[in-house]
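J.: I need the structure of the sequence given here:
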Amino acid sequence: MLESRNIVQSMSGKGNCLDNAAMESFFANLKPELFHLNRFDSVKSLRDSVETYIR
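T.: The predicted structure is shown next:
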């Protein structure tokens, strides 16, 4: 399914559990601080909010 959408899956050769630690930490903060507190009418509004959150 990923290949049909030209998406490359990112994984280490070993599958080390620490590979995604930084992103897991980011999403653990993003969800309660932004996502769960708001309602998004479109993907664009969600994308804009995430970009603002990151900045």
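
J.: now Lys44: which helix or strand?
T.: Using DSSP states H and E, Lys44 sits within helix 43-54.

J.: helices and strands around that helix, which ones?
T.: If you count contacts as 3 or more C-beta pairs under 8 Å, 6 or more residues apart in numbering; DSSP states H and E, helix 43-54 packs onto no helix or strand. Glycine gets a C-beta too; all of them are placed from N, C-alpha and C.

J.: all further residue positions should be reported with the first residue as 43.
T.: Understood, numbering begins at 43; the last thing we discussed is helix 85-96.

J.: same question for it, mean pLDDT?
T.: Averaging pLDDT along helix 85-96 yields 95.

J.: hmm, who's touching it?
T.: By C-beta atoms under 8 Å, 6 or more residues apart in numbering, the surrounding residues in contact with helix 85-96 are 72, 75-76, 80, 82.

J.: possible to save these as CSV with secondary structure and pLDDT?
T.: Supplementary listing: the contacts of helix 85-96 in CSV, determined by DSSP: H, G, I helix; E, B strand; the rest coil; pLDDT from 0 to 100:
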residue, secondary structure, pLDDT
Leu72, helix, 94
Glu75, helix, 94
Leu76, helix, 94
Asn80, coil, 93
Phe82, coil, 94
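
J.: okay, the residues you listed in JSON lines with neighbour count and distance to Glu66 next?
T.: Supplementary listing: the contacts of helix 85-96 in JSON lines, determined by neighbours: other C-beta atoms under 10 Å; distance: C-beta to C-beta, whole Å:
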{"residue": "Leu72", "neighbour count": "16", "distance to Glu66": "11"}
{"residue": "Glu75", "neighbour count": "10", "distance to Glu66": "15"}
{"residue": "Leu76", "neighbour count": "16", "distance to Glu66": "16"}
{"residue": "Asn80", "neighbour count": "9", "distance to Glu66": "21"}
{"residue": "Phe82", "neighbour count": "14", "distance to Glu66": "22"}
